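S.K.: I would like to see how this sequence folds:
(one chain, ligands or ions: 2)
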Amino acid sequence: MGVAMTSPAPKTYHVKNFGCQMNVYDGDRMAELLGAEGMVPATDPAVADVVVLNTCHIREKAAEKVYSDIGRLKRDDGSRPVIAVAGCVAQAEGAEIARRAPTVDVVVGPQAYHRLPEMLGAVAAGKRAIDLDMPLDSKFGALPKRAGGQRPSAFLTVQEGCDKFCTYCVVPYTRGAEISRPFAELIAEAQALVEAGAREITLLGQNVNAWNGEDERGRSVGLDGLIRALAAVDGLARIRYTTSHPNDMTDGLIAAHGEVAKLMPFLHLPVQSGSDRILKAMNRSHTTDSYLRLLERVRAARPDIALSGDFIVGFPGESEADFEATLNIVDAVRYAQAYSFKYSRRPGTPAATMDDQIADAVMDERLQRLQAAINRHQHDFNLASVGRRTQILLERHGKRDGQLLGKTPWLQSAHVIAPGLAIGDMIDVTLTEAGPNSLTAELLQTQDA
Ligand code: SAM
Ligand code: SF4
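M.R.: Ligands and ions are numbered 1, 2, ... in the order given. I've put the predicted structure just below:
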């Protein structure tokens, strides 16, 4: 149970993220926090002094991964780094982690990671540090200003937590109650991200469209008000947001899709199931019909919008007819992309103790059929984009000489041969070919090389 070190102070860190984009954001903030302490990143955990495993608890498999990762951190010479377990597994399992994995030095929940440096200090002094607080004062104020060298497409967490309590989901327990970060703090962070190299910002929240606050003149605004203010930030070219809940999709936000040019034509709006009986058992508080009517209004505001969603197959009690209703909604919406998951029984959630849990083999078979339908629509959406003139934001180098990869406004991956151009450039292209997962683009001219 001894800790890895008593001195000297650690010099290098490695943060490994699991799970959602909100974890990527938190992982970046932890890296910046350690950077502000004078530590430098190590690309390989095998040589880092401190390894932070930023974990996900949403499904059982994701939660179990952390334990195998902890085991792998032991080195051939018997040494190991200082190990910090952060994120939702830390929050949900807390002391249990310390029991199952005695080599873990730090256990820190998603609302307490601003205290990581002091916790590492305690470890250096020979103690183990556990902090699962969900303090009322936000961690964000205690974090350093955004560091330079941001990716062209950056994340900005604007809202955290969830009060919806879908019966299958751990988020309300691991991330706590819904909170919105203040307007002025978000505008300042967006400006800092743009100064540090971001061209696109994706606003994040478990229910991002539940964000609300007061603008610079003290008026109550929703996410659409925040988006309109961000659109005025010089140098910011694109705005996205995820993940939305159907019940928080306001008229103002729908209108913003037709009115704010920088707001990209993409909406991730999970429905989870196409069966009203299952939606009720999930406590989703929307029906398939209300969801489809909502999408009609969104499409009326922004006809070319690309739609995305999340689906769970095999929720307790899901019959073949319920599942077919899910296939029907996929065909009705014609998603440009979507995520689908096998139901995972999460301890402490109401669904975990419901009767009629579905056998794994049935879930596997349904998942395959669902994914085939989603893939077909995704390919169709990509094929329908061929011939479009549009812009892509270059985000990374491809495998071939002079090849760069980026995203279209509809969040499709596109690759282009563009020698001389750089990551972060926004370029004019024609989309010339479509595969199931990506598009080929041809350069028209550089806009701002
Ligand atoms: N708040 C968003 C919403 O309600 O649409 C979703 C956030 S959740 C972190 C991401 C996705 O994980 C959910 O939309 C759901 O499809 C999936 N998910 C959550 N709990 C799950 C479980 N117990 N088993 C399988 N998938 C789950
Ligand atoms: Fe989980 Fe989303 Fe439901 Fe909240 S609204 S409980 S985050 S699935």
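S.K.: buried by neighbour count: which residues of stretch 95-102 qualify?
M.R.: For stretch 95-102, the buried set under the neighbour-count rule, 16 or more other Cβ atoms under 10 Å, comprises 97-98, 101. Quick note: C-beta positions are derived from backbone N, CA and C, even for glycine.
S.K.: near ligand 2, which residues of the chain are found?
M.R.: By the rule Cβ under 6 Å from any ligand atom, the part of the chain lying against ligand 2 is 162, 164-166, 169, 171-172, 206-207, 245.
S.K.: again, 8 Å this time
M.R.: Residues of the chain found near ligand 2 (Cβ under 8 Å from any ligand atom) are 162-166, 168-172, 175, 206-207, 243, 245, 270, 272, 282-284, 310.
S.K.: and the closest residue to residue 60 other than its chain neighbours, helix, strand or coil?
M.R.: Distances taken as Cβ to Cβ, 6 or more residues apart in numbering put residue 344 closest to residue 60, at 4.8 Å, once the chain neighbours are dropped. Following DSSP: H, G, I helix; E, B strand; the rest coil, residue 344 is assigned to coil.
S.K.: phi and psi next, for residue 344.
M.R.: phi -120, psi 130 (degrees, to the nearest 10).
S.K.: who touches it in this structure?
M.R.: By Cβ atoms under 8 Å, 6 or more residues apart in numbering, residue 344 lies in contact with 58-61, 168.
S.K.: now do residue 351
M.R.: 167-168, 281-282, 315-316, 343, 345.
S.K.: can you do 10 Å?
M.R.: Residue 351 is in contact with 166-169, 281-283, 312, 315-317, 343-345, 357, counting by Cβ atoms under 10 Å, 6 or more residues apart in numbering.
S.K.: same check on residue 179?
M.R.: Applying Cβ under 10 Å, 6+ apart, the residues contacting residue 179 are 111, 134, 136, 138, 140, 159-161, 163, 205, 210-211.
S.K.: let's see it at 7 Å
M.R.: Listed by Cβ atoms under 7 Å, 6 or more residues apart in numbering, the contact partners of residue 179 are 159-161.
S.K.: related to what we said a few turns ago, compare the contacts of residue 344 and tell me which is most surrounded.
M.R.: Comparing the contacts of residue 344 on neighbour count, residue 168 comes out first with 24 neighbours (neighbours: other Cβ atoms under 10 Å).
S.K.: so what touches stretch 297-314?
M.R.: 168, 254-255, 257-258, 265-273, 295, 323, 326, 333, 335-343, 358, 362-363, 366-367, 370, 381, 410-411.
S.K.: picking that back up, show me the residues of the chain next to ligand 2 that map onto strands.
M.R.: Taking DSSP state E as the definition of strands, those contribute residue 310.
S.K.: sheet-wise, list the partners of the helix or strand hosting residue 130 with their directions.
M.R.: Per DSSP states H and E: residue 130 is located in strand 129-131. Sheet pairing of strand 129-131 (DSSP bridges) gives strand 106-108 (parallel).
S.K.: quick check: what element follows the strand it pairs with along the chain?
M.R.: Using DSSP H and E, the helix or strand that follows strand 106-108 in sequence is helix 116-124.
S.K.: next one: that next one to chain centre, how far?
M.R.: The chain centroid and the centroid of helix 116-124 are separated by 28 Å under Cα atoms, centre = their mean, to the nearest Å.
S.K.: helices or strands up against that helix?
M.R.: Here helix 116-124 touches helix 21-36, strand 82-86, strand 106-108, strand 129-131, going by 3 or more Cβ pairs under 7 Å, 6 or more residues apart in numbering; DSSP states H and E.
S.K.: residues of that helix that come out buried?
M.R.: In terms of neighbour count (16+ other Cβ under 10 Å), helix 116-124 has its buried residues at 116, 119-120, 122-124.
S.K.: that helix versus strand 82-86: what angle between them?
M.R.: Put simply, helix 116-124 runs at 140 degrees to strand 82-86, going by axes from the mean of the first three to the mean of the last three Cα atoms, to 10 degrees.
S.K.: for helix 116-124, give the mean pLDDT please.
M.R.: Helix 116-124 carries an average pLDDT of 92.
S.K.: got the angle for that helix vs helix 21-36?
M.R.: Orientation check (the same axes, to 10 degrees): helix 116-124 against helix 21-36 gives 70 degrees.
S.K.: can you point out the buried residues in stretch 33-42?
M.R.: 33-34, 39, 42.
S.K.: quick one, helices of the protein?
M.R.: All helices of the chain, identified by DSSP state H, fall at 21-36, 60-72, 87-93, 95-100, 116-124, 171-174, 183-195, 223-230, 251-259, 276-281, 288-301, 320-333, 360-385.
S.K.: pLDDT weak spots in this structure?
M.R.: 1-8, 136, 445-449 (pLDDT under 70).
S.K.: ok, 80 please
M.R.: 1-9, 62-63, 135-138, 148-149, 445-449 (pLDDT under 80).
S.K.: interface residues of it facing ligand 1?
M.R.: So the chain meets ligand 1 at 19-20, 58-59, 162, 164, 166, 168-171, 206-207, 243-246, 269-270, 272, 284, 310-312, 339-346, 349, 351 (Cβ under 8 Å from any ligand atom).
S.K.: let's see it at 6 Å
M.R.: Within the chain, the positions near ligand 1 by Cβ under 6 Å from any ligand atom are 20, 58-59, 168-169, 171, 206-207, 243, 245, 270, 272, 310, 312, 341, 343-344, 346.
S.K.: narrow those residues to those that are buried.
M.R.: By 16+ other Cβ under 10 Å, those give 20, 58-59, 168-169, 171, 206-207, 243, 245, 270, 272, 312, 341, 343-344, 346 as buried.
S.K.: count the residues that sit near residue 320.
M.R.: Residues lying near residue 320 (other Cβ under 10 Å) number 9.
S.K.: try residue 148
M.R.: Other residues within reach of residue 148, judged by other Cβ under 10 Å, total 10.
S.K.: I'd say it and residue 196 touch.
M.R.: Yes. Taking contacts as Cβ atoms under 7 Å, residue 148 lies within contact range of residue 196: 4.7 Å.
S.K.: residue 224 contacts residue 256, doesn't it?
M.R.: Yes. Using Cβ under 7 Å, residue 224 is in contact with residue 256, at 4.2 Å.
S.K.: next, format the helices and strands packed on helix 116-124 as CSV and append distance to residue 191.
M.R.: Shown next, in CSV, are the helices and strands packed on helix 116-124 (distance: least, Cβ to Cβ, whole Å):
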stretch, distance to residue 191
helix 21-36, 16
strand 82-86, 27
strand 106-108, 28
strand 129-131, 30
